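Colleague: what follows is a predicted protein model with its sequence.
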Amino acid sequence: MELKLTRFDSIDFNDVFFDSLKEDYEEIPQWFEKKSLAGDSAYVFSEEGGAIDGFLYLKVEEGIVSDIVPPLPYGRHVKVGTLKINAHGTKLGERFLKKIFDYVVASNAEDVYVTVFEKHAALILLFERYGFEKYGNKVTKNGVEWVLYKQLSNIPNDVTKRYPVVMAKDRRKYLLTIYPEFHTRLFPDSILKNEDPQAIIKDVSHTNSIHKVYICKLYGANQLKCGDVIVIYRTGDNVSPAWYSAVATSICVIQEVVLLGSFKTVDDFLQYCLPFSVFSEIELRKFYKEGKYPYILRFSYNYALPKRLNRATLVTDCGMVDDRWGCTELNDKQFSRILEMSKANENIIIN
């Protein structure tokens, strides 16, 4: 199962998934046909049997957005044109939100907005959690919709509300190493070209979620604090030398670090870790019993680096010491060089 960009004319509009949209929006059959004839595409998430479980249409709007009250000022905006998700406890909503933010960043847009009926309370709460605020209303023959709006230049103190923006200025930075088998499952947008997304990206919580939990015993991991910025480093593939195959792939932000010993029971531990961890319940129970991995890191997956820097580049061009890396602190110069060489978007990382 995959979140896939699909042409409208390849989507089965008769799928029962679209029934509620047809009830809410009288004109949606004509809209769908128009998009099909134009060759437009949307993001679709389907079950193994082919039934649709999620649908997302995005578009860039230039200028003033005048069909809402109050209008959005002149600028480059992303509109979440249509979004519906069948929620079933796998954080699929977060996966779609991440795709929305990825689209905003790639489009060099200044903001993003969505219109939604007040009755869709769970969807509204999801958007509000990530910094969307009620901006106004949109009135059509279908009724009154809320306009939820997020401006990237608005940087709240809450690390979740300001997602995907990374506040790196005056924050500590670290390189965090993760083995390939765990890296790929945790960071589906940061897979390498020689990995098979069809076999890896599945509808499970740790893949879909913006938030990740990683359990480790890396030296120095206990010193991480909320707001610290981490560069994810995928270790070598054991086929090619790590000098060439180990790479920096992603930028994340620490939310909290919890010690294994702080959980009074295994059930408390499972409740915290299971929805966001790459490890199975059996593995987690074993970790809790044996106590070999004392640090539980929770962080947000903010940004997949456009260009992956291998170990050779990190050492020779970014000033890192050729040593055994685990949770290794970066100075500002090293971090800035990593951003520069990886061609990171300056609007998403404030350094």
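Modeller: Cool, the structure landed.

Colleague: before we move on, what SS does Y163 have?
Modeller: Here Y163 is coil, with the state taken from DSSP: H, G, I helix; E, B strand; the rest coil.

Colleague: wait, it touches I210, no?
Modeller: Yes. With contact defined as CB atoms under 8 Å, Y163 counts as touching I210 (6.5 Å). Every C-beta, even on glycine, is put in place using the N, C-alpha and C of the backbone.

Colleague: shared neighbours of those two, anything?
Modeller: Shared contacts of Y163 and I210 (CB atoms under 8 Å, 6 or more residues apart in numbering): Y130, S300.

Colleague: ok, L218 to L297 distance?
Modeller: L218 sits 9 Å away from L297, going by CB to CB, to the nearest Å.

Colleague: and R171, by the same measure?
Modeller: For R171, the distance to L297 equals 16 Å [CB to CB].

Colleague: domains in this structure, by residue range?
Modeller: 3-151, 166-350 (automatic domain parsing).

Colleague: to N157, which of those lies closest?
Modeller: domain 166-350 (9.2 Å; CB to CB).

Colleague: same question for the helix or strand hosting D268, mean pLDDT?
Modeller: Per DSSP states H and E, D268 falls inside helix 266-273. Averaged across helix 266-273, the pLDDT comes to 96.

Colleague: gap between it and the chain center?
Modeller: Remark: helix 266-273 is offset 23 Å from the chain centroid, using CA atoms, centre = their mean, to the nearest Å.

Colleague: for stretch 282-294, same thing?
Modeller: So, by CA atoms, centre = their mean, the centroid of stretch 282-294 is 27 Å from its chain's centroid.

Colleague: may I see the buried residues of it?
Modeller: L284, F287, Y288, Y293, P294 (16 or more other CB atoms under 10 Å).

Colleague: could you dump the domains of the chain to a markdown table with distance to D158?
Modeller: Formatted as a markdown table, the domains of the chain follow (distance: least, CB to CB, whole Å):
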| stretch | distance to D158 |
| --- | --- |
| domain 3-151 | 8 |
| domain 166-350 | 10 |
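
Colleague: mean pLDDT for those: which is lowest?
Modeller: For the domains of the chain, mean pLDDT drops lowest on domain 166-350, to a mean of 86.

Colleague: measure it end to end?
Modeller: When the termini of domain 166-350 are compared using CA to CA, to the nearest Å, they are 6 Å apart.

Colleague: where do the helices sit along the stretch 201-350 of the chain?
Modeller: Listed in chain order, the helices of the stretch 201-350 of the chain (DSSP state H, counting those that start in this stretch) span 205-208, 242-245, 266-273, 281-290, 311-316, 332-341.

Colleague: for these, which one ends up most surrounded?
Modeller: Comparing the helices of the stretch 201-350 of the chain by mean neighbour count (mean count of other CB atoms under 10 Å), helix 205-208 ranks first with a mean of 23.

Colleague: just checking, H211 touches R95?
Modeller: No. The pair H211 and R95 fails to qualify as a contact (CB under 8 Å) at a distance of 11.4 Å.
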